[in-house]
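Chemist: How does the following fold in three dimensions:
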Amino acid sequence: MALTAVAFPILPGKTAEWRGFIKELNGPRAAEFAESRRRAGVRERTFLQATPMGDLVLVTLEGDDPARSFGQMVSAKDPFTKWFLERVKAIHGVDLAVPMNMPSELVADTDRVAVLAR
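Modeler: Down below sits the predicted model:
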């Protein structure tokens, strides 16, 4: 299994809205959310990190090919994906429908003998 991570800042003043979004993903939209990730072949974990520069969301994707899965998730045309992308854009200011640099660069892994660096 491969793992990748992506960081998304929360726009100023939008943390409460983000928490409502997550409440929907864990509540009434949980089945749609899980099915979306199952179809893409990925497990998603999301973390909230407070920083001096503002709140940040860390998303990890684990699966056979997380970058491919990410592309599949954000290009789907179903109503859940449309709703999800609209919420992400409103809260994070990021349009996931526009190609982005995926995956992030792995620079250290304690399961490997050496630290990875460019």
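Chemist: where in the protein is pLDDT low?
Modeler: Within the chain, the stretches with pLDDT under 70 are 102-103, 112-118.
Chemist: From the centroid of it, which residue is nearest?
Modeler: Centroid check for the chain by Cα atoms, centre = their mean gives residue 59 as the closest residue, at 4.0 Å.
Chemist: Specify the local secondary structure of residue 7.
Modeler: Taking DSSP: H, G, I helix; E, B strand; the rest coil as the rule, one finds residue 7 in the strand state.
Chemist: just residue 90 next, same as before
Modeler: Each residue gets one of three states, and residue 90 gets helix by three-state DSSP.
Chemist: Might one say that the residue nearest to the centre of the chain is in contact with residue 42?
Modeler: No - applying Cβ atoms under 8 Å as the test, residue 59 and residue 42 come out as separate, 10.5 Å apart. Yep, even glycine has a C-beta here, placed from its N, CA and C like the rest.
Chemist: returning to what we had before: check which helix or strand covers the residue nearest to the centre of the chain.
Modeler: Using DSSP states H and E, residue 59 sits within strand 54-63.
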